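# missing the sequence, but the structure's below:
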């Protein structure tokens, strides 16, 4: 929760001050170390209580108070450090003693008090035992009716699952049905469970429900109810005796057992010994929100990921909810009704809840014209229409939220900062998590790896939807479903994690200056000029997040409001705001960790950026071909990622004593003349892009010593005038290089033999005449680990390859290769995916007879 993340962040901050700013804190060193001990104790208490799924109002109040105090301490430390840096003075003598007294006052007066309250909270939770609020949430879910009378669509899903049940196997089959909250897993399973043919084929059918208040003995007794009425005898049995009894009963006959709503793998493990895996006539179906559960329990049949309703199915269900049956919708409402159904994105729970709103409007208004007017309002903002009914949705998603481990909770709630329907770039999300302090080091993995694992964990729990993957099956773009976003925004506001300023708040003036006194993270997605014109000041705001779907030009007077009214910003995500020039006073934001700017005409990063000593991520969107970095990269000791499409020219050289570069992970893109210095200083760099005249780089290839570099992109500038004669020897490339992109290099195909010898190469992208010539002959044992090959815009005609070449290639993309007459047969035999566009039709003909999946991106050429 936000309190735990805030304490963890403060602990990191205090530790960093002790380690990295010893010269500044001087006389206050002892007080800072005591503060660190107190914060560590506070963190330990919160960790001990984090397993409590939900808590009562009194406990929540204490946690909110802890968070507020932590924020206050954090702000005070930042203010002291900023003042010290600004005055270029050490905290020694009288100033040092004053500083020490301030730290002690803060520690004794507030942190110690919070420690006492936290201990009281821990004692209260321990004595309270079972969490009553969690039980209420669970009962609300169990009380929701299974709407068998209004099951529509998913006929293909139903037939597929029934096919699993009717297929003979050599032993017991366990079939997991997995899907996000509200998708209708239980409803579909119930329909199949009661299907006439299934009832006939399975004379013994048993339905049991797991809950978060799981009791393995009670589950086994529920199963045994189908075989005996001797309840007293069952309750007197031990767990082992019950397991044996269930096993014996299920071993004799053909049966179907449905286990609904499995939350944890441990719950399944507690009863699986009761299942007769040797009974080939038995079938078990389980429903779960979490793919990790599905993979764990499956036996023979792979987990089945239930799909959302399509547009037609969504409209059918909405009609049933509003009008009681199909065909009763007036013609005047059909068009707008279809629009609303589509906006529910195929989730039955959303359709059912929104259907109740529409039904009330339909029954209360006298004419279809008035109804249509109201429905148009719903279509424009369906989330607003759901406000009165959102508790149903919140309760369903809350069950998943309270099951999350502490490390995931803030990462999950943070999904609400993105507007509805916004395509979330995974790298953006992970960089933000890191900069916000949600990702803490574990001593084994990089912060980026931990963030990636968290992302995949949320996906496997069906709390985050995958929208786009790359050829290596890595998630590139995600989407947050509206019902998930609604919960995240609602819960985050309760915890003061962030505040999403809604357009109606801006328009009505409901958002006031007093609101800014406590907000830590501010999300704005609508009229920025209107917001800034209110001249709201937010000294406690640490994150300014703007994810508009379209770009906006701020008025000149409002540009300065960002750094004048929000002086303590750590995060400035302003890609949607177009700046006419680099904001010169941006360097006043001393605490910045993450910045995204869109400055189309900028060609220089000023020297003062070096003063932003906390900076971790810099992303600059510009139309310029080059970007001169006057700031010294080597003084920025915390910077991890620098990204822009312009070629960065490092103007400031390394000076003895500079400590920057050690944390640098991504540098995209860099000018060739700056590569050598980067290769010597940024030794842990993992991703590098280079743009410019590559001849100088290839003549003195300095990348051979970059042992951590895995991804390299090389873009040749003015290719027609600077044709490259050759590639460097394969030994001059990074030794652990896995992904390589070449663009506009105009090399002859014979030089591909160099790339064929890069031992760990997995992905190779050749763009815009990276290689030229009519024929490419691939020698024996070339590209032994290559899995993905892209060739875009090439004049290649003949492509030959030995049988031993490309043994692991599974994905091939060919775009605008209009002269290519075919793909080597050996490659085709191994391919899983073929992505093509503007190529000859003859290329696809042989592939049609194989198991390769063909994706057609543009017309074929005869």
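All right, it came through fine. What you see is a predicted model, and the numbers here were worked out from it, not measured in a lab. Numbering: from 1, shown residues only.
# Can you list phi and psi of the nearest residue to residue 184 once chain neighbours are set aside for me?
Spatial nearest neighbour of residue 184, chain neighbours left out: residue 348 (4.2 Å); criterion: C-beta to C-beta, 6 or more residues apart in numbering. In short, each C-beta sits where N, CA and C put it, glycine included. The phi/psi pair for residue 348 (degrees, to the nearest 10) reads phi -60, psi -40.
# now swap in the one 10 residues further on and tell me
Its backbone dihedrals place residue 358 at phi -70, psi -40, with angles given as degrees, to the nearest 10.
# Just to confirm, what confidence does the model report for it?
Note on residue 358: pLDDT of 90.
# just residue 54 next, same as before
pLDDT for residue 54: 50.
# Then residue 9?
75.
# what helix or strand is it on?
Applying DSSP states H and E as the criterion places residue 9 in helix 2-20.
# Isn't residue 796 up against residue 776?
Yes. Residue 796 sits in contact with residue 776 when judged by C-beta atoms under 8 Å, with a separation of 5.9 Å.
# Quick check: neighbours shared by those two?
Counting by C-beta atoms under 8 Å, 6 or more residues apart in numbering, the common neighbours of residue 796 and residue 776 are residue 749.
# Look up how far residue 764 lies from residue 471.
11 Å (C-beta to C-beta, to the nearest Å).
# which one of the two has more residues nearby?
Taking neighbours as other C-beta atoms under 10 Å, residue 471 and residue 764 compare with residue 764 leading, 22 against 19.
# Helix, strand, or coil at that one?
Here residue 764 is strand, with the state taken from DSSP: H, G, I helix; E, B strand; the rest coil.
# what's across from it in the sheet?
Legend: beta-bridge partners of residue 764 under DSSP bridges are residue 740, residue 789.
# so what's it up against?
Contacts of residue 764 by C-beta under 8 Å, 6+ apart are 739-741, 755, 783, 786, 788-790.
# Residue 442 now?
Listed by C-beta under 8 Å, 6+ apart, the contact partners of residue 442 are residue 450.
# Roughly how far does it sit from residue 401?
Residue 442 sits at a distance of 23 Å from residue 401 (criterion: C-beta to C-beta).
# Residue 524 too?
Using C-beta to C-beta, we find residue 524 at a distance of 25 Å from residue 401.
# same question, residue 195
34 Å.
# Tell me which of the two has more neighbours.
Between residue 195 and residue 401, residue 401 has the larger neighbour count (other C-beta under 10 Å), namely 23 against 16.
# Now do the helices in the stretch 401-550 of the chain.
Secondary structure of the stretch 401-550 of the chain (DSSP state H, counting those that start in this stretch): helices located at 406-413, 426-436, 447-460, 482-495, 503-508, 528-533.
# now swap in the stretch 51-200 of the chain and tell me
Assigned by DSSP H, counting those that start in this stretch, the helices in the stretch 51-200 of the chain fall at 57-87, 93-106, 112-128, 132-143, 155-166, 185-193, 196-201.
# Just give me how far the longest one sits from the chain centre.
On the basis of C-alpha atoms, centre = their mean, to the nearest Å, helix 57-87 is displaced by 28 Å from the centre of the chain it belongs to.
# got the angle for that helix vs helix 112-128?
If you take axes from the mean of the first three to the mean of the last three C-alpha atoms, to 10 degrees, helix 57-87 sits at 150 degrees to helix 112-128.
# who touches residue 340 in this structure?
318, 354, 358, 375, 378-379, 382.
# pretty sure it belongs to a helix, no?
Yes. Counting by three-state DSSP, residue 340 is found in a helix.
# Quick check: the gap between it and residue 619.
Distance, residue 340 to residue 619, using C-beta to C-beta: 37 Å.
# Which strand or helix spans residue 39?
Using DSSP H and E, residue 39 falls in helix 29-49.
# pLDDT weak spots in the stretch 401-550 of the chain?
Applying pLDDT under 70 to the stretch 401-550 of the chain picks out residues 503-511.
# what's the pLDDT at residue 351?
You'll see residue 351 listed with a pLDDT of 88.
# so what does whichever strand or helix holds it touch, helix or strand wise?
Counting by DSSP H and E, the element that carries residue 351 is helix 348-364. On a contact count with 3 or more C-beta pairs under 8 Å, 6 or more residues apart in numbering; DSSP states H and E, helix 348-364 meets helix 311-323, helix 331-343, helix 368-380, helix 382-385, helix 390-401, helix 482-495.
# mean pLDDT for those: which is lowest?
Of all the helices and strands packed on helix 348-364, mean pLDDT reaches its minimum on helix 382-385 (a mean of 67).
# Residue 845: neighbour count?
When neighbours are counted by other C-beta under 10 Å, residue 845 registers 10.
# And it, how far from residue 837?
Counting by C-beta to C-beta, the gap from residue 845 to residue 837 is 16 Å.
# ok, now residue 598?
Per C-beta to C-beta, residue 598 is found 30 Å from residue 837.
# biggest strand in this protein by residues?
strand 641-650 (DSSP state E).
# Averaged pLDDT, that one. What do you get?
Per-residue pLDDT values across strand 641-650 average out to 96.
# just stretch 796-812 next, same as before
Here stretch 796-812 scores 94 as its mean pLDDT.
# First residue to last residue on that stretch, what's the distance there?
Using C-alpha to C-alpha, to the nearest Å, the gap from the first to the last residue of stretch 796-812 comes to 15 Å.
# okay, and the common contacts of residue 471 and residue 764?
Contacts common to residue 471 and residue 764, judged by C-beta under 8 Å, 6+ apart, are 788, 790.
# ok, residue 258 - how many residues close by?
The local packing of residue 258 (other C-beta under 10 Å) involves 21 other residues.
# And it, how close does it get to residue 174?
As for residue 258, its distance to residue 174 is 11 Å (criterion: C-beta to C-beta).
# residues shared between the contacts of these two?
Common neighbours of residue 258 and residue 174 (C-beta under 8 Å, 6+ apart) are 284-286.
# Including secondary structure, could the residues you listed go into TSV?
Shown next, in TSV, are these (three-state DSSP):
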residue	secondary structure
284	strand
285	strand
286	strand
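# Which of those residues are buried? Put it as a ChimeraX command.
To isolate in ChimeraX the members of the shared contacts of residue 258 and residue 174 that are buried, counting by 16 or more other C-beta atoms under 10 Å, one can use:
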select :284,285,286
